[in-house]
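K.L.:
need coordinates for the below:
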Amino acid sequence: MGSQSRSSEALQEAVQKMKAGEFGEIYHARALCFKARNTIGKTPVEPVPPGVDYDMWTGPAPLRPFTKNRFHYNWHWFWDTGNGDLGNQGIHEVDIAYWGSGWKHPTKVTAAGGKYMFDDDQETPNTILASLEFVVDGKPKLMTFDTRHWYNNHEGGIGGERAGNTIGNIFYGSKGYLVIDGYNKYYSFMDRDGKPGPTKNTRDSHFENFIAAVRSRKREDLTAEIEQGAWSCVLMHLANVSYRVGRTLHWDEKTWTVKGDAEANKLLTRPYRAPYIVPAKV
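P.N.:
Predicted coordinates:
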């Protein structure tokens, strides 16, 4: 789970300002992942490389014949082992959207997209747009995840220094909007005329935070507590499930299930291949 941005001093400040109401009511949180990813092509079945325990590497997933595309890095693009770019790079931005907004339980999730341009081994979509609807204190809120491949424009100034790489977030409020560019920088624009607002660019201290929490043994010292990461992953998985079944999901926050949709609920977990079985209760 890509939650190291929670240790960024700049992003911590950005979230604090949103929660303090400096941008008014936040009503739309966007997560952007645009990367100029090329085709992975097609690779043949071949012997497992010497020194690789392919059974252990595969773990609970089905043991498929070995191909280079199913191995290092490109495993992201197969449903057996990965979640596409939404669960690869995108989870970093999904987590920031969840953290920054403070919204926890979506009521509806809809996703559409596909694998465009390329005829290759990839199973997951290279382009996907997900919409998650929330109700917070009786008010509707919207969170969107936008993942694209190949050639793309930058949005909100995000990625202007990184050709072909737009990763970040935009939060829209009633008094202005805030842009997070990458992992350690934010800037903002206020009022209807878009005058420049607060900005900051700094490093993160994720490793330092982890070591400090190990030493203190205090859960509250963690900037990226594990339950928060689990919720961010829930949002990402629901978006992928909506894409795979091709319809809107209605989420039940109390039972952690999709209402009235057996096919979608089946995709919330997986059959585990022995002996790599996760017990129902840990």
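K.L.:
now do the helices in this protein.
P.N.:
9-19, 54-58, 84-87, 90-101, 206-216, 226-245, 262-266 (DSSP state H).
K.L.:
point to the residue nearest the middle of this structure.
P.N.:
The centre of the chain sits closest to I91, judged by C-alpha atoms, centre = their mean, with a distance of 1.9 Å.
K.L.:
for P47, which of the helices of the chain is the nearest?
P.N.:
Nearest to P47, of all the helices of the chain, is helix 54-58, at 9.9 Å by C-beta to C-beta. From N, CA and C alone the C-beta is placed, and that goes for glycine too.
K.L.:
and the contacts of the closest one?
P.N.:
V48, L63, R64, F66, F71, T81, R273 (C-beta atoms under 8 Å, 6 or more residues apart in numbering).
K.L.:
ok so, going back, of the helices of the chain, which is nearest D191?
P.N.:
So among those, helix 9-19 is nearest, using C-beta to C-beta, at 15.1 Å.
K.L.:
out of the helices of the chain, which gets nearest to V179?
P.N.:
Nearest to V179, of these and by C-beta to C-beta, is helix 9-19 at 9.1 Å.
K.L.:
one step back: looking at the helices of the chain, spot the one closest to F189.
P.N.:
Nearest to F189, of the helices of the chain and by C-beta to C-beta, is helix 9-19 at 13.0 Å.
K.L.:
for the closest one, packing partners?
P.N.:
When contacts are defined as 3 or more C-beta pairs under 8 Å, 6 or more residues apart in numbering; DSSP states H and E, helix 9-19 packs onto helix 90-101, strand 176-181, strand 185-190, strand 200-201.
K.L.:
return the distance of that helix from the chain's centre.
P.N.:
19 Å (C-alpha atoms, centre = their mean, to the nearest Å).
K.L.:
any idea how far V45 lies from T81?
P.N.:
For V45, the distance to T81 (C-beta to C-beta, to the nearest Å) stands at 16 Å.
K.L.:
kindly report the same for I91.
P.N.:
For I91, the distance to T81 - C-beta to C-beta - is 15 Å.
K.L.:
touching stretch 9-26 from outside, list them.
P.N.:
Contacts of stretch 9-26 (C-beta under 8 Å, 6+ apart): 5-6, 96, 99-102, 139, 141, 171-178, 180, 183-186, 188, 190, 197-198, 200-205, 223.
K.L.:
repeat the analysis, applying 7 Å as the threshold.
P.N.:
For stretch 9-26, contacts defined as C-beta atoms under 7 Å, 6 or more residues apart in numbering pick out 5, 96, 99-102, 171, 173-178, 180, 184-186, 198, 200-202.
K.L.:
out of the helices of the chain, nearest to T166?
P.N.:
Using C-beta to C-beta, the nearest of these to T166 is helix 90-101, at 10.1 Å.
K.L.:
and the angle from that closest one to strand 185-190?
P.N.:
Computed by axes from the mean of the first three to the mean of the last three C-alpha atoms, to 10 degrees, the angle separating helix 90-101 from strand 185-190 equals 50 degrees.
K.L.:
convert helix 90-101 to CSV, retaining C-alpha atoms only.
P.N.:
Output of helix 90-101 as CSV, limited to C-alpha atoms (Å, rounded to 0.1, in the frame of the first residue of the first chain):
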residue,chain,number,x,y,z
GLY,A,90,-2.6,4.7,-8.5
ILE,A,91,-3.0,3.5,-4.9
HIS,A,92,-0.6,6.3,-3.8
GLU,A,93,-3.0,8.9,-5.2
VAL,A,94,-6.1,7.0,-4.0
ASP,A,95,-4.7,7.0,-0.4
ILE,A,96,-4.0,10.8,-0.6
ALA,A,97,-7.6,11.3,-1.8
TYR,A,98,-9.0,9.2,1.1
TRP,A,99,-6.7,10.9,3.6
GLY,A,100,-7.2,14.4,2.4
SER,A,101,-11.0,14.2,2.1
